[in-house]
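Q: no FASTA, just this:
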């Protein structure tokens, strides 16, 4: 079953303007541009229900490989083919691998901060903001490890450079969106960036995507992680 609507599996549609919609799970009303063709809407909070397990998972990790860490999250029930959960997962996996590779951070506090920041980026940001949440998550990661604030000097610049590097990689591949592809691209960009700018070397494995059968919009051989390219 190729996943689209979480309620009925029907294809999603994206509207030109916001409309007031009622979440089919919690019945909260809010504005959104996204629903399925049968009218179902699921809010970000319900879409990511159960995501809080990320912190506990990461605190038990010993891996220096952020892809390996993220793929363990992808196997959890809270994670879908696409969705705003990836906006938290990318940064959380990077924080964990960074710590395990020798980075000097309070991992638990960093993960809590990543959760709060990542959850503020809504689903659909990739198409409506011109800034994929997975790419933004790498900038959040760098801002956390560098203790950036709006008044910072070097950390301010580094976090923006990180986001732009990740978004550049995503933009070069093009659309339509794939949260898995964009998450891998973002993590690879961050691994290289952190090695160059922080002297911490996380592991960077080869990735062959195993999710294409679940993605109605898979771009096939145009994806750098497609099986046909390996």
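A: Thanks, I have it. Remember, it's a predicted structure, so these values are computed and weren't measured experimentally.

Q: what's the distance between residue 154 and residue 139?
A: Note on residue 154: its distance to residue 139, by C-beta to C-beta, to the nearest Å, is 14 Å. (Glycine included, C-beta is placed from N, CA and C.)

Q: more crowded one of these two?
A: The residue with more neighbours, out of residue 154 and residue 139, is residue 139; 25 against 10, by other C-beta atoms under 10 Å.

Q: isn't that one right next to residue 166, touching?
A: Yes: between residue 139 and residue 166 there is a contact under C-beta atoms under 8 Å: 7.3 Å.

Q: for residue 35, helix, strand, or coil?
A: Following DSSP: H, G, I helix; E, B strand; the rest coil, residue 35 is assigned to strand.

Q: excluding covalently adjacent residues, which one is nearest to it?
A: residue 41 (4.5 Å; C-beta to C-beta, 6 or more residues apart in numbering).

Q: the one you found and residue 201: what is the separation?
A: 43 Å.

Q: so which of the two has more stuff around it?
A: residue 41 (23 against 13).

Q: so that one makes contact with residue 32?
A: Yes: Residue 41 lies in contact with residue 32 (C-beta under 8 Å); the separation is 6.1 Å.

Q: overlap in contacts, those two.
A: When contacts are counted by C-beta atoms under 8 Å, 6 or more residues apart in numbering, residue 41 and residue 32 have residue 21 as shared neighbours.

Q: now do the domain split for the protein, please.
A: 12-45, 49-204 (automatic domain parsing).

Q: quick one: the closest residue in space to residue 47 that isn't next to it in sequence and residue 178, what's the gap?
A: Ranked by C-beta to C-beta, 6+ apart and with sequence neighbours excluded, the top spatial neighbour of residue 47 is residue 83, at 5.2 Å. Distance from residue 83 to residue 178, counting by C-beta to C-beta: 12 Å.

Q: neighbour count winner among those two?
A: Set side by side, residue 83 and residue 178 show more neighbours around residue 178, with 26 against 21, by other C-beta under 10 Å.

Q: the residue lying closest to the more buried one once chain neighbours are set aside: what's it in contact with?
A: Leaving aside its sequence neighbours, residue 178 sits nearest to residue 215 (C-beta to C-beta, 6+ apart; 5.8 Å). Contacts for residue 215 (C-beta under 8 Å, 6+ apart) come out as 2, 81, 82, 178, 180.

Q: buried stuff in the lowest-mean-pLDDT helix or strand in the chain?
A: Least confident helix or strand of the chain, by mean pLDDT, DSSP states H and E, is helix 44-47 with a mean of 90. Residues 44, 47 are the ones in helix 44-47 that count as buried (16 or more other C-beta atoms under 10 Å).

Q: who's sitting farthest from the centroid in this structure?
A: residue 38 (26.8 Å; C-alpha atoms, centre = their mean).

Q: name the element the residue nearest to residue 35 belongs to?
A: Counting by DSSP states H and E, no helix or strand carries residue 41.

Q: state the phi and psi torsions of it.
A: phi -130, psi 140 (degrees, to the nearest 10).

Q: could you measure from the residue nearest to the residue farthest from the centre of the chain when sequence neighbours are not counted over to residue 44?
A: Of all residues not flanking residue 38 in the chain, residue 10 sits nearest, at 4.8 Å (C-beta to C-beta, 6+ apart). Taking C-beta to C-beta as the measure, residue 10 falls 19 Å from residue 44.
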